[in-house]
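Student: fold the stuff below for me.
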Amino acid sequence: MSDIGEGLGTAVEGGLFAKVVSGGAGRAGNTPLQKGHFAENACLNCGTELIGSHCHSCGQQAHLHRTMGAFLHDLMHGALHFDGKTWRTLPKLFFKPGELTRRYIDGERMRFVSPMALFLFSIFLMFAVFQLAGISAPTDIPGDNSEELAEFTATELDRREKLLESTEEELAEPDLDPGRREVLERRQQEYTDQITALRQAQENVPFLRQEGTGDELIQNGEMVIPLEEVDGTTMRVSGSGVDWVDGAVEKWRKNPGLMLYKLQTNFYKFSWLLIPLSIPFVWLMFAWKRQYKAYDHAIFVTYSLSFMTLLTLGLTIAGISGISSEIVALASIFIPPIHIYKHLRGTYGLSRFSAIWRLALMSVFIIVILALFLQLLLVLGAF
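Tutor: Now for the predicted structure:
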């Protein structure tokens, strides 16, 4: 599949996923029975008697369509996820994030897109745009193929030694033609030079040695090679002793391009881990304020991550479209802290001083959270 096709498919997938999470808005009214339409007095899903535009028991719409037009409408609506909620949510998220978060926490759920739906859609949208723009991790990074080189060197040395032996046996024949003898003597010299070069390479390049030279020491089950240039210095060549850690390091060493690609794809798949990682750190800043619960922090974190994802997407598009790199850099430096400051003040009703010191503390927490998230991605990429 091409990058464009994959990108468009991902955008549609993200929209449909977000649609499922947030739930769709219904259409009011009881239209008379038409071709392809349902107009029932009881809910077709659970059988409850209808008293409005939606079943008060299961929530299904009272008026359903059974036409291709209705199917295409639902497809576009679910894929793009553009409805009244979106246009009410995004301006608040950009300019009044604290008000949006507080109103959602206080119960205005149907008016705005849920934070999880918005976060999932923004992540999938960013992935789709990056695919369309060809922004991806490099896959052509050369890896460490020292083991293959060592094996190849040993094989070539053995092959040339056999060729030299065969050539010398033929040269030992007494009645050999002078022209043939000249050819064989030239080959003998070539094989001798090649064997000498390969042996020198094995002696001078450590990773080309398949076996120890006899100078190694074994300490606590590890091979230790003394370095003669520095007195008392040694080099340990064994792993950590933990199988999965050593396996992960080996994968990164042999194929860093593939591992970077897996790291990128795992970022999209497991980006939601940023939410549970962030909640405890936000809770620490309000641990003595009992009116704020973990739920409040979860909504705050998810809306904040949604904005940062959309900001990253917007700055990327701006950079691709030719906007000055200085402008993009300044926006990436100043917009996030300003947004977090406004978000904190509006959500938690803080004074300027309280919001500022929490912003400074959160800046440190963000670095810690990103480091933990990267470590999790590295671990997940090892499997």
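Student: low pLDDT regions in the chain?
Tutor: Applying pLDDT under 70 to the chain picks out residues 1-40, 73-84, 136-152, 201-263, 381-383.
Student: show me where it has strands.
Tutor: Listed in chain order, the strands of the chain (DSSP state E) span 37-39, 63-65, 217-219, 222-226, 234-236.
Student: tell me which residues touch the closest residue to residue 362 other than its chain neighbours, please.
Tutor: Nearest-residue entry for residue 362: residue 340, 6.3 Å, with adjacent residues in sequence omitted and distances by Cβ to Cβ, 6 or more residues apart in numbering. Every C-beta, even on glycine, is put in place using the N, C-alpha and C of the backbone. In this structure, residue 340 makes contact with 304, 359, 362, judged by Cβ atoms under 8 Å, 6 or more residues apart in numbering.
Student: let's have these in a markdown table, adding neighbour count and distance to residue 266.
Tutor: Written out in a markdown table, the entries for the contacts of residue 340 read as follows (neighbours: other Cβ atoms under 10 Å; distance: Cβ to Cβ, whole Å):
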| residue | neighbour count | distance to residue 266 |
| --- | --- | --- |
| 304 | 26 | 22 |
| 359 | 19 | 30 |
| 362 | 22 | 25 |
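Student: what's the longest helix in this protein?
Tutor: Ordering each helix of the chain by length in residues (DSSP state H) puts helix 352-381 first.
Student: quick one: buried residues of that one?
Tutor: 355, 358-359, 362, 365, 369, 373, 377, 381 (16 or more other Cβ atoms under 10 Å).
Student: same question for stretch 124-134.
Tutor: Taking 16+ other Cβ under 10 Å as the neighbour-count basis, stretch 124-134 is seen to contain the buried residues 124-132.
Student: so which of those residues belong to helices?
Tutor: Mapping those onto helices (DSSP H) picks out 124-132.
Student: residue 289: which of those is nearest?
Tutor: Checking those against residue 289 by Cβ to Cβ gives residue 126 as the nearest, at 33.3 Å.
Student: contact partners for that closest one?
Tutor: Listed by Cβ under 8 Å, 6+ apart, the contact partners of residue 126 are 309-310, 312-313, 316.
Student: excluding chain neighbours, give the residue nearest to residue 161 in space.
Tutor: Distances taken as Cβ to Cβ, 6+ apart place residue 195 nearest to residue 161, at 6.1 Å, with adjacent residues excluded.
Student: tell me, how many residues neighbour the one you found?
Tutor: With neighbours defined by other Cβ atoms under 10 Å, the count for residue 195 comes to 17.
Student: for residue 180, state which of the buried residues of stretch 124-134 is nearest.
Tutor: Looking at those and their distance to residue 180, the nearest is residue 131, at 63.8 Å (Cβ to Cβ).
Student: how close does the closest one sit to residue 265?
Tutor: In this structure, residue 131 and residue 265 are separated by 11 Å, where distance is defined by Cβ to Cβ, to the nearest Å.
Student: next one: residue 85 from residue 156, what distance?
Tutor: Using Cβ to Cβ, one obtains 68 Å as the distance from residue 85 to residue 156.
Student: out of those two, which sits in the busier spot?
Tutor: In this view residue 85 and residue 156 are compared by other Cβ under 10 Å, and residue 85 has more residues nearby, 21 against 13.
Student: show me where the stretch 51-200 of the chain has its helices.
Tutor: Listed from the start of the chain, the stretch 51-200 of the chain has helices (DSSP state H, counting those that start in this stretch) covering 68-80, 84-95, 97-105, 115-133, 146-171, 178-204.
Student: can I get those in JSON lines including distance to residue 280?
Tutor: As requested, the helices of the stretch 51-200 of the chain are arranged in JSON lines below (distance: least, Cβ to Cβ, whole Å):
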{"stretch": "helix 68-80", "distance to residue 280": "34"}
{"stretch": "helix 84-95", "distance to residue 280": "24"}
{"stretch": "helix 97-105", "distance to residue 280": "18"}
{"stretch": "helix 115-133", "distance to residue 280": "18"}
{"stretch": "helix 146-171", "distance to residue 280": "42"}
{"stretch": "helix 178-204", "distance to residue 280": "53"}
